[in-house]
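In: Whatever this is, show me its structure:
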Amino acid sequence: MTNHEEHNDDIGNNHIGTSDQTPLRKDAFEKTDEEKIEIIKKNIENILTTLGMDLTDDSLKKTPDRVAKMFVKEIFGGLNPNKKPSSSTFENKYKYNEMLVEKNITVYSTCEHHLLPIVGRAHIAYISNGTVVGLSKMNRIVDYFAKRPQVQERLTIQIVKELKKVLNTDNVACIIDAKHLCVNSRGIRDIESSTVTAEFGGKFKEESTKREFLDYIKLETSF
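Out: Numbering: from 1, shown residues only. Predicted coordinates:
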């Protein structure tokens, strides 16, 4: 193994992200979803056959098709920009100028290093700059960026960046507390540990505002 290969392997094994942008090729959307499903289906068939599985068995016959559709339409559906949720905003007519917190948003994502699940909770807060967004939209933004091969740090940053743009304010924060099955089920096999990441913008960089947010979500940690 070359030094370059060892470096790339270390990045994956240590769950290190290389950018806050999802690494997509320029031709990522030249194929239709149906074309992608057919190609992935054949690759899954090859993987299972190589592993020695009998694809004529009734239980396995449709597995390649199911997995291919799941990859394209479900767990990696957030790669498709056409599925990005529209984020309608509204004027803050009731002049609510305090922190708004949406906590315990379910996170289902996939580690891009081993393609195993990341499961946890996201907690989001913002302070209005004259604009508010529907509560369910925050859940949808989390879900959109989670549904792709991910690194938790990148996911946290992407959520905050998107909400900053939608709300036209820097006063946005996100904390994610999640379990990585690549840690829990392989390698060290530590089923108790979880990973906590945070991104703070604007007023949330101030210690008093940050502490208020942490108090709201009852998270005992420091950043």
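
In: what's the span of stretch 137-156, first residue to last?
Out: Terminal residues of stretch 137-156 are spaced 16 Å apart (CA to CA, to the nearest Å).

In: quick one: average pLDDT of that stretch?
Out: The pLDDT scores in stretch 137-156 average 97.

In: now it, how far from the centre of its chain.
Out: 3 Å (CA atoms, centre = their mean, to the nearest Å).

In: quick one: buried residues of it?
Out: 137-156 (16 or more other CB atoms under 10 Å). In this view, the C-beta of every residue, glycine as well, is placed from N, C-alpha and C.

In: I'd like the distance between Arg148 and Val166.
Out: According to CB to CB, to the nearest Å, Arg148 and Val166 sit 19 Å apart.

In: Go through the buried residues of stretch 137-156 and flag which are in strands.
Out: The members of those that map onto strands under DSSP state E are Pro149, Gln150.

In: out of the buried residues of stretch 137-156, which are inside helices?
Out: The helices, defined by DSSP state H, take in 137-146, 152-156 from the buried residues of stretch 137-156.

In: among the residues you listed, which two are most distant?
Out: Within those, Lys137 and Glu153 form the most distant pair, 22.9 Å apart (CB to CB).

In: So which residue is dead centre in the protein?
Out: Taking CA atoms, centre = their mean as the criterion, Ala146 is the residue nearest the geometric centre of the chain, at 2.4 Å.

In: Quick check, that residue in contact with Thr106.
Out: No. Using CB atoms under 8 Å, Ala146 makes no contact with Thr106, being 9.0 Å away.

In: Buried ones in stretch 108-126, by neighbour count?
Out: 109-114, 117-118, 120-126.

In: Stretch 42-58 too?
Out: Buried, per 16+ other CB under 10 Å, within stretch 42-58: Ile44, Glu45, Leu48.

In: Relative to Gly120, how far out is the second one?
Out: Applying CB to CB, the value for Glu45 to Gly120 is 32 Å.

In: swap in the first one?
Out: Note on Ile44: its distance to Gly120, by CB to CB, is 27 Å.

In: Ok, Asp143 next?
Out: 13 Å.
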